[in-house]
Structure formats: structure tokens, C-alpha cells
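sequence? don't have it. structure:
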Ligand SMILES: NC(=O)c1ccc[n+]([C@@H]2O[C@H](COP(=O)([O-])OP(=O)(O)OC[C@H]3O[C@@H](n4cnc5c(N)ncnc54)[C@H](OP(=O)(O)O)[C@@H]3O)[C@@H](O)[C@H]2O)c1
């Protein structure tokens, strides 16, 4: 909901997290307060927030941004979260695992008609937020957008762009899109690992949740009427149509669900029998099988409490830790969306990023999603949206211009 009277366009909550610090630096570099005299640059009024005053002060000193306003707010302090939300048009949150710390902020944003976006990739938590707050958001006017990082912006906008192209050249959406990660370089942070381990822990103790999580339409409104069986890439396999080996892609679990929700929110624009699946490509069958077996062993180990604790205390990064600056700069991703149009033309949409996907690129994508929400879509109604259903072409342009993420047609 656009509100000129609020002091800030965006407040970044969780600025002291691993990814929050990268995003703060990005905002400081591209939207510095001193650049407000420079009329040619987009003006964004932003502030930062977190639970620790000393960490916020240290971050401001390190980045030399003492003029940036900061708020000290704990994730369970509803009154302080409300005061913070009332100061801004959009709250961007990087405080996770969201299933542990995220609900009060979503509740407050819905109640105060404040727009919100985050980095959650936790489908069980999104489902809960939809059940509890979706109707209220529609009434209050708050626009809530989960999954505004590497999961699931490239997948969601890649499919959106691929379908726009399919419709432009054949007047109909493609019935099936396969996304294949051709190249990916980058590491995981402790916060992401903590979120993944928490999903496994919750699913282990809740059979209904396990059942819900395997449903590709778990985040879709039941009125969408989607029933077609979707492929689940659990194994290594040779795709004779594309002529490539593929292996499971861990982020498919959230991305595929967001893409189907986008289809539902876009009034079934991709069709009610639309099929979508994600996987990574491998150079050889040996690589595909070795990776698949390694991933399977890790998932089994991580679902047993003692082994999970052992992994968390030894090999895995801890909350607050993540890839080095060098790893972020040398990181990248290249994703391809393959489809055949109604009139038989094979199209390929490519989405590339110029930093490691989870942090360097995610921080830039999240910042641009938040700015887009604050500035580009004043007439969008309240509710729980997805990046493609709410931000679509506006965000595609912003990512290309300001975030090193390029979405283009490379075939046909
Ligand atoms: N979608 C994507 O592509 C993507 C990419 C990267 C990360 N993520 C997700 O984003 C989240 C952040 O990741 P990260 O690696 O930056 O994690 P992190 O470094 O572990 O940060 C977690 C943050 O939560 C804060 N926090 C914890 N308890 C809190 C409380 N009670 N009140 C207020 N703040 C609290 C911590 O505050 P302190 O700083 O004071 O410790 C910290 O800043 C994770 O959920 C991760 O899964 C998603």
C-alpha cells in the first residue's frame, strides 16, 4: 500500500545477519543518503533494524553509514515491531529461520497494512502464514511476498518470461517447462542450513506436514483446480529430449511450489494442466549418480537428531557464517528454461546472475524486490503474492539494471 506519509520506503530487519550485512552494503553503495542531492539517481529512503544495538552500531561504523537510522527490535516484541512497521512502507526481513522467528512480524505487517518481503524458503511456514493471515491481508491492503531471494525469484521470473515469450509467438502458454541449472557456483550460510535443518525436524515430527510438503500445489488456493501429476526429480537420469544428464536440485522443493502459486494468482495464465520441474545438469552419468547418492546420504543423516547435531557442530557453517567475499564475487548461476510452444517451436529462456546465488545475488535481488514493492506497483491489492504475480516485468527490468541478473531468450 503506497503511503507518502511514512518516514521510510524500506526498513531492512535483520541487517546484522550474514545476508543482511551484504544487503546493507548494497543499499549504502547504491542508495546512499548523500546521493539524494544527485537528482539522476533513484531516491530510496531506507533504514536498518535488528535485535542488537551494538551489532547495528558496529555495522554502521564498518560501512561508514552513521547517518542511516536504525531500530533495535526483537522478533518477539510485537509492540516494537508495530512501531517499526508504522515508520515504513515496506519491511524486508532476513531474520530466520522464519518458522522460528518470523510470524510476529508478518502478523504486524498485515495488521498495520505494511508491505513485506523476505527470504524464506520454508514451505511449511508459508502455508501456515497463508492459513492464518491471507484473508486479513486482503482486507488491510498489506502486500506480502515471501521467497524474494535465489529461492525463488530466478525460477519464478524465468518461468514468467518463458511463458510471455511462448504466448507472444504461439498465442498459447507452454504446457510444460523444464528448468535446468546449467552452472552454479557459491556456498551456503549457517542461516540457510539452520532453516533447512528446521524443516527436516518439523517434518519428522508431523506426518500431516510430510504429506503436505510432497504436494506440488500445497501453496495454491484450492480454487485453482490444479490436478495434473508433476514430476519429482529424486534421482539421476538421462533426459533424451534435451540430451543431458540431470540430478536433483535441492531448491526445487520451494521453487516449484512458488511457480504453481504464481500460475494460480495470475488466473491460471500458464494453464490448469501446466507442468514444471527443476533439476541440475551433470556432465556425466557418473557425476549425476555420485551427487544424487551424496545428497541422499546427507538428507538421511540430517533427519536423525544425533547426526544432525554432529553435522551442525562440525562440517556445516553456523548461523552468522557464510561464503567469503572472494567466493561471493567468484560465484554465479546460469539457469535454462526449456519449453515447446503450441505451434512446435523449442524455446529457451536463460536466467544468469553475476554473484554467488545465495548471498551476493540474493542480497541484490531482495533489495530490488523491496524497492519495486515500495515504488512500482501502487495499485496492487493486498494479499500474499509471489515475485512473478506481483512484481513481474517491473522486477525483471530492475534486476537487469541494478542487480546483475539477466533474463533473456536464447533459443528461437
Ligand atoms: N531465499 C534465499 O535464497 C536465501 C538466501 C540466503 C538466506 N536465506 C534465508 O535468510 C535467512 C537469513 O540467512 P543468514 O544466512 O543471513 O542467517 P544468519 O546470519 O544466521 O542471520 C539470522 C539473523 O536472525 C537474527 N535473529 C535471531 N533471533 C532473533 C530474534 N529473536 N530477534 C531478532 N533477530 C533475531 C540474528 O540476529 P543477530 O545478528 O543479532 O545474531 C541474525 O541477524 C535464513 O532464514 C536463510 O535460510 C534465504
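Sure thing, it's come through. All of these numbers come straight from a predicted model, not from anything done at the bench. Numbering: from 1, shown residues only.

and residue 392, how many residues sit next to it?
Using other Cβ atoms under 10 Å, residue 392 has 21 other residues around it. C-beta coordinates here come from the backbone N, C-alpha and C atoms, glycine included.

Pull up the gap between the closest residue to it other than its chain neighbours and residue 376, please.
Spatial nearest neighbour of residue 392, excluding adjacent residues (Cβ to Cβ, 6 or more residues apart in numbering): residue 160 at 5.6 Å. Separation of residue 160 from residue 376 (Cβ to Cβ, to the nearest Å): 15 Å.

and if you look at residue 337?
24 Å.

Show me which of these two is the more surrounded one.
A direct count of neighbours by other Cβ under 10 Å for residue 337 and residue 376 places residue 337 higher, at 29 against 16.

Show me what that one bridges to in the sheet.
Following DSSP bridges, residue 337 is listed with bridge partners residue 179, residue 349.

Does it touch residue 407 like I think?
No. Using Cβ atoms under 8 Å, residue 337 makes no contact with residue 407, being 9.4 Å away.

Overlap in contacts, those two.
Residues touching both residue 337 and residue 407 (Cβ atoms under 8 Å, 6 or more residues apart in numbering) are 158, 161, 349-351.

Pull out the buried members of those residues.
Buried by 16 or more other Cβ atoms under 10 Å: 158, 161, 349-351, out of the shared contacts of residue 337 and residue 407.

Could you list which of those also contact the ligand?
Checked against the ligand using Cβ under 6 Å from any ligand atom, these yield no neighbours at all.

returning to what we had before: for the shared contacts of residue 337 and residue 407, which one is nearest residue 380?
residue 161 (19.3 Å; Cβ to Cβ).

and the closest one, what is it in contact with?
337, 349, 351, 396, 407, 409.

Where does pLDDT dip in the chain?
For the chain, residues meeting the criterion pLDDT under 70 lie at 1-4, 34-40, 187-193, 307-319, 412.

can you list the residues of it near the ligand?
So far as Cβ under 6 Å from any ligand atom goes, the chain lies against the ligand at 14, 16-20, 50-52, 55, 74-76, 94-98, 101, 119, 121, 149-151, 189-192, 195, 319-320, 322, 358, 362.

Which of the residues you listed fall within strands?
Judged by DSSP state E, the residues of the chain next to the ligand include residue 50 as members of strands.

Which PyMOL command selects the buried ones in the residues of the chain next to the ligand?
Command for PyMOL that selects the buried part of the residues of the chain next to the ligand, burial taken from 16+ other Cβ under 10 Å:
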select buried, resi 14+16+17+18+19+20+50+51+55+75+94+95+96+97+98+101+119+121+149+150+151+189+190+191+192+195+319+322+358+362
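
Compute the distance between residue 57 and residue 50, please.
Counting by Cβ to Cβ - residue 57 and residue 50 are separated by 10 Å.

and of the contacts of residue 161, the nearest to the ligand?
For the contacts of residue 161, the closest approach to the ligand (Cβ to the nearest ligand atom) belongs to residue 351, at 13.7 Å.

follow-up on the earlier one: what residues are shared contacts of residue 57 and residue 50?
Joint contacts of residue 57 and residue 50 (Cβ under 8 Å, 6+ apart) are residue 70.

Run a quick neighbour tally on residue 410.
For residue 410, the tally of surrounding residues (other Cβ under 10 Å) stands at 11.

ok, now residue 137?
Residue 137, neighbours per other Cβ under 10 Å, totals 25.

And residue 69, by the same measure?
15.

same check, this time on residue 386
The tally of other residues near residue 386 (other Cβ under 10 Å) stands at 28.

Excluding covalently adjacent residues, which one is nearest to it?
Residue 386 sits nearest to residue 262 (Cβ to Cβ, 6+ apart), 4.4 Å away.

Same question for residue 271.
residue 173 (5.3 Å).

so that neighbour makes contact with residue 267?
No. Using Cβ under 8 Å, residue 173 makes no contact with residue 267, being 11.7 Å away.

Going by neighbour count, list what's buried in stretch 280-287.
Within stretch 280-287, the residues that count as buried by 16+ other Cβ under 10 Å are 280-282.

and the residues you listed as a markdown table, adding secondary structure?
Below are the buried residues of stretch 280-287 laid out as a markdown table (DSSP: H, G, I helix; E, B strand; the rest coil):
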| residue | secondary structure |
| --- | --- |
| 280 | strand |
| 281 | strand |
| 282 | strand |
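
Distance to residue 129 for those residues - can I get that in a markdown table?
As requested, those are exported to a markdown table (distance: Cβ to Cβ, whole Å):
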| residue | distance to residue 129 |
| --- | --- |
| 280 | 29 |
| 281 | 33 |
| 282 | 35 |
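
Quote the end-to-end distance of stretch 231-243.
18 Å (Cα to Cα, to the nearest Å).

returning to that earlier point: wait, which of the contacts of residue 161 is closest to residue 302?
Closest to residue 302, out of all of these and judged by Cβ to Cβ, is residue 351, at 28.5 Å.
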